[in-house]
Each structure stands twice: as structure tokens, then as C-alpha cells.
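Q: Next comes the sequence, and after it the predicted model I'd like to discuss.
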Amino acid sequence: MTDPRFAAALEELRREYGRLAEAQPGVDAIANEPVDRDFAPDYWSYDGADLENEMWSRMSELESGLDILSAGGWPGGLRAKLRHLALRLAGPLVRAALARQDTFNRRVQRQLFLDFLASKRMRQRLQLLEADRRELLARLDIAEATLAAREGDRHE
Amino acid sequence: MSETPQRAADGREELIAAAAAELAALRGEAGGAARAGRLVAGLAARAGTGAACNAVDLCQLLLGLRRPRIAVYDHTWHFIGGAQKYGATLAEALLPLGDVTLVGNRPFAVADLQSWYRLDLGACATRVVPLPFYEERGDDYIDPARIVSRAMENPFHAVSRASLGYDLFVNNSMLKMVCPLSPRSLFITHFPERRPRSYFYVGRYSRVVYNSRYTRGWIETRWGLEPHAHVYPPVDMEGELTEKETLILSVARFDPGGNKQQLDMLRAFLLLRQTRPADCRGWKLALAGGSHGENPYLAQVRDFLRAHPALPVELHVNASRDEVAGLYRRAALFWHLCGLGQDDPARVEHFGMTVAEAMQNGCVPLVFAGGGMPEIVADGRSGFLFASVSSLLEQSARLLRDPGLRASLAGAARRESRRFNKEAFAERVRALAAELLPSPAAGHAPGR
């Protein structure tokens, strides 16, 4: 039989460490080890469905986390001022280069998006053609069977 | 080579189990409480506050101080579906072993689950863990595919944190992004739809469960993990045998993407009637299945039927369970084409619950020879497997002509489908949970 005082001590320990865990900033801290990691994908080994899943999912990532223009967080204001100063010093040359790069990036992004949609449409079209092919093969089977049956009747 | 996830659960679990046993051994010693405090503090410093909580939890179970706390998590409890039925039946099966809480991310009602799946879940508690990431975006559906890299936050860590409050955390949600922090955990794999990317924690679960050998193969291929336990989904549709009608049945939801291929079935039925009119005399086809909201595929099915008004087809959309049970009782044959001609493994039936339901009611199944279906139907003994429409037509015509063959296959189908019933499922689930939860030491039976 467990001593009730020992049971109460366990209960108290659980509450205390539960509170401490809750106060931890993240899961890594609770587990005391880095649990978060990325897996390096080998796209060459992906099949069509894998690739499509990957492309579709990554679409929402394109602009995520790229906080290029805002000056959020401390010392955001100071950073923004320094950036403006640097831009002013570097003059129109840098601005023009950045503007060109931005335009180019947008064009590439749009191109890739169109490529993705085109491959998706092709896949749908292929599936329809596959369905048609299956049906035609089935009809062919049936036609052959019917002809064979008629041939058999004629011989009888 | 793709990087593959490694098993990470074993070492951590061994450490925690050893600490729990050490703690339990202190129960009769003088100054045991103080020594327990030092032991737990040392563990927290070495392995984190989560491990400290886990060790105390396991120790309490070992000493029989309380019943195990079990969580069954699913982010889609509010939908009707096969995977959700699996989770809810699993929760019911675990009730004798501990206090079960159903955890979700959106409000849901236990009463709905009870009526949808005919289960007794009255003793289950519920808990909603909101995910602000999705709530702020006003997303209708919680789509895990939105999170693709660690540059984005992991909204599911809210659930990971909640898992720390339980002795056994069961993830029925297929959400690989929930990191289990409970001492013991189960990951239920209905199908590995995507390759591991960021926030992939399946390797951190104590046991990875799969629903069919087909799914197992894809877990190995896509995740590089060897799963532990095979638990077929629960199928409990067995009704009384009555006189069969000349009816071919299909039960599958009307998937908006056409995944269940009812249109292919209609075309096949049309071909069957055109080529074997004598065999088909008096036979009808019934398509039953659920549909949600605007459904372009169901619209195509209706268009097809309008274009062929003479085709004897019954359409039962969103039929009640009793209505579906009645169809199973009436139908002599059961068709399931899902997977025919597909190149995406996710579009092939991973198990095929409705096939097993049909067999329990003495319908002879004619099903596509792919996915999990060859595990349910023994070709030529309890039904037929086909790989092409022509083969489906040939086998169907044979059965339409031969009532004796139908009767013998139907009997075998009914007998063989019993291995998928709810009792077999519950037994398997309880054995798995009992493996993971420590039994209380002698003389320390847990009370409610």
C-alpha cells in the first residue's frame, strides 16, 4: 500500500513540473532537445503525385516569412532608418537594381505558377484519356467476344 | 537519397520508464517523498520538464494511484467519415482501460459521434484545443499542407503541449506535425499521403499503427519507417440474412474529385446491359453514398442518368444508416471500382470498409484488385477481384447467370468478413494499449 503522504508528494511534484512545462517557450524546451527539423527531400525520387502535392503545398510558402519591407519589432524603427540612409547613400543605382530584381522575381513566380497549373491540367487531361482508353478497351473486348460467339454460331 | 526519419521514441521512453520504476521503489522508504523530489529534479535537468511529468505519471500508474488518462485526438471529429469512425470506435474500446478524452480543434458533440457510428461514448470527456493560425485565417478546413517549412510556425504544437496531460496520447488525425509529449503514444496511419517534410514526428510515437498491408507498404516507401501494429478498421454492419434481390450495390461517398469512380461504374453497367441483355434482365444498380455541399462529380452522375433514362439505377444520396443497411440486405452483388486505372496510390482504396460491410450482409463483392481490397476478398472464394472493366463484366455476367455460385460465394464472404468486426478491433486495440500502459503493482488496483 502506498503511503498517502508519498502519493500526495507525487501529486504535488506533477503539478509543479506541469506548471514549469507550461511556462516553457516551446516544445523543444519541454523535451530538452531539438525536436524540430527539416527533412532534405530528394525530388528526383518523387512520383507524379508526390510532386504535385509538394508543388501545391509550397505555393503558400512563396511569400511566407519574407518580412522584407516592414520594420516590425525592436529596434525596427532604427533598422528602417539605417536602411533608408544606406539606400540614400547608395543612390539610385541600388534602387534600380532592387527594382529590377523584384520585377524579375515576380515574373519568375508567375511563370512557375503557370507551369504548375499547366501540368495540373495536363494531368487531368491524361486521366480523362486513360478513362477513355479503358472504356475503349472494354468495348473492344466485348466486340471481340461477340464476334467470336457469332463465328461459333455460324460453324454450329 | 531522401533523408528518412529515425525512431526517436525508444531511448526517451526507456529513460522515463527507469525513472518511474525508481520513483515507485521509494514509496515505502523513510524520506521517500524528499528523495522523489530530488530524483524528479535531476531528471528534469537532464531530460526536460516533460520527462519529469512523464516519470511521475508512469509512477502513479505503477502504484495504482489513479486510472490511466487517455486522449484520442482527431481534428475532424465534426465530420462523418471512415477514419473518424476508426478513432471513435478506438475510444470506445479503450474506455475499460482508463479515462478517455476526445481531443479536437473545433467544437464537436459526443452525441453526434454516438449516433453516427452507433457507439457508447457517454463516459468520454471532450476537449477543444483551438488553433489560432487557422481560426485567424477563417479556414473552413484545417489543412496541414499549408505548413511546409520551418520558416512557418507549427500551429499544431498547441496539441503537442496538450498531449503532456495524458498517459497515452492517440493521434488518429494523420497529423504528423503533432509531437507527442505523453509518456506513451500511438500514431494511427490511415494512409501516408505526403513525404516527410518539416515538423514530422511520427518517429517519436511509441507505436505506429497501420490499417492494411497496402498502407504499411507505403509507410515504408514514403516515410522510411517500419510501422509496428496492424489493426484493420472496425466494420459492424452485419444484419439478418433475407432473400436477396436482383440488385447490384455500390456504397461509397460521392467524392467531388471522383475518387470513388461511380461514373465508371455506370458506364460498366450500361456496357453489361448492352452486351449481355439476357443475363441482365431484372437487374438494377443502386449507388449509395454521402455528399457534402456543392458536388460537381455528383452533378456529372446525375447528368449521366438523365442522358440514359432507361438505365435501371437507384441513386441514394446521404442515405441514413438504416437505409444503407436495408440496401446491403437486399443486394446480391457489390461493386467497388475505386483505384481502377489510377496512378496515384492515395486514390486507391487503402482498406475498403464498405466492401467488408457488404460481405457481412452476404453480398458477393466484385472489387478492384488493388489497394487494401485483396486483403478483404479472396478471389474466387469470397468474391472476385478484377483489374479491368472487361474482367468485371465477365465475372458479373457469370454471377448473374448462376444463383448457386452467388449463394456459395455469399456464404464465404459473410464468414470471412467477421474478422473485421468491432469485437476483433476492440480486442486488438486493448492489447496494444495494455502493452504500452504499465500495469499497477500487485495490491494497487486503480479505482475510478
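A: That came in fine, so what should we check first?
Q: Poorly predicted segments of chain B, please.
A: Chain B contains residues with pLDDT under 70 at B:1-10, B:140, B:148-151, B:441-448.
Q: That one - how does it break down into domains?
A: Annotated domains of chain B cover B:1-62, B:64-234+B:426-436, B:247-420 [automatic domain parsing].
Q: Dump the ones you listed to CSV, plus distance to chain A and mean neighbour count.
A: Any C-beta I mention is one placed from the backbone N, CA and C, and that applies to glycine too. Shown next, in CSV, are the domains of chain B (distance: least, C-beta to the nearest C-beta, whole Å; neighbours: other C-beta atoms under 10 Å in any protein chain shown):
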stretch, distance to chain A, mean neighbour count
domain B:1-62, 3, 19
domain B:64-234+B:426-436, 4, 20
domain B:247-420, 4, 19
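Q: Which among those is found nearest to A:R139?
A: Proximity to A:R139 (C-beta to C-beta) singles out domain B:247-420 among the domains of chain B, at 7.0 Å.
Q: Now the terminal residues of that closest one, how far apart.
A: Using C-alpha to C-alpha, to the nearest Å, the end-to-end distance of domain B:247-420 comes out at 24 Å.
Q: How about stretch B:251-263?
A: Start-to-end, stretch B:251-263 (C-alpha to C-alpha) is 13 Å.
Q: what sits up against that stretch?
A: Stretch B:251-263 has contacts (C-beta atoms under 8 Å, 6 or more residues apart in numbering or on different chains) with B:250, B:287-291, B:295-298, B:300-301, B:304, B:317, B:324, B:327-328, B:334, B:336-338, B:340, B:347, B:354, B:357-358.
Q: switch to 6 Å and redo it
A: Residues from elsewhere that reach stretch B:251-263, judged by C-beta atoms under 6 Å, 6 or more residues apart in numbering or on different chains: B:287-291, B:295-298, B:301, B:337-338, B:347, B:354.
Q: ok, now stretch B:429-437?
A: Contact with stretch B:429-437 is made by B:68, B:90, B:93-94, B:97, B:168, B:184, B:206, B:229, as judged by C-beta under 6 Å, 6+ apart.
Q: mind running it again at 8 Å?
A: Stretch B:429-437 is contacted from outside by B:61, B:68, B:70, B:90, B:93-94, B:96-98, B:167-168, B:184, B:186, B:206-207, B:209, B:229, B:231, using C-beta under 8 Å, 6+ apart.
Q: Please list the members of the residues you listed that lie in helices.
A: If you go by DSSP state H, those have B:61, B:90, B:93-94 in helices.
Q: Tell me which two in the residues you listed are the farthest apart.
A: Farthest-apart pair in these is B:L61 and B:L90; separation 19.8 Å (C-beta to C-beta).
Q: in chain A, which ranges drop under the pLDDT threshold?
A: Residues of chain A meeting the criterion pLDDT under 70: A:37-39, A:60, A:63-75, A:156.
Q: I'd assumed B:L366 was in a strand, is it?
A: Yes: under DSSP: H, G, I helix; E, B strand; the rest coil, B:L366 sits within a strand.
Q: So in terms of bridging, what pairs with it?
A: Beta-bridge pairing of B:L366 under DSSP bridges involves B:W335, B:F384.
Q: Could I get the contacting residues of it?
A: B:L366 neighbours (C-beta under 8 Å, 6+ apart): B:333-336, B:383-384, B:386, B:392, B:395-396, B:399.
Q: so B:Y166 sits right up against B:Y73, yeah?
A: No: B:Y166 is beyond contact range of B:Y73, at 9.5 Å (criterion: C-beta atoms under 8 Å).
Q: Give me the distance from stretch B:224-234 to the chain's centre.
A: Counting by C-alpha atoms, centre = their mean, to the nearest Å, stretch B:224-234 is centred 11 Å from the centre of its parent chain.
Q: got the contact list for it?
A: B:2, B:4-5, B:7, B:82, B:85-86, B:89, B:188-189, B:196, B:202-203, B:207-213, B:216, B:219-220, B:351, B:353, B:419-422, B:424-426, B:428-429, B:432.
Q: next one: stretch B:342-354
A: Contact partners of stretch B:342-354, identified using C-beta under 8 Å, 6+ apart, comprise A:47-49, B:82, B:85, B:190-191, B:193, B:211-212, B:214-215, B:218, B:232-233, B:235, B:251-252, B:259, B:334, B:336, B:338-339, B:355, B:367-368, B:370-373, B:375-376.
Q: which residues of chain A fall in strands?
A: With DSSP state E as the criterion, chain A has no strands.
Q: For chain B, what's its nearest residue on it.
A: A:N32 (2.9 Å; C-beta to the nearest C-beta).
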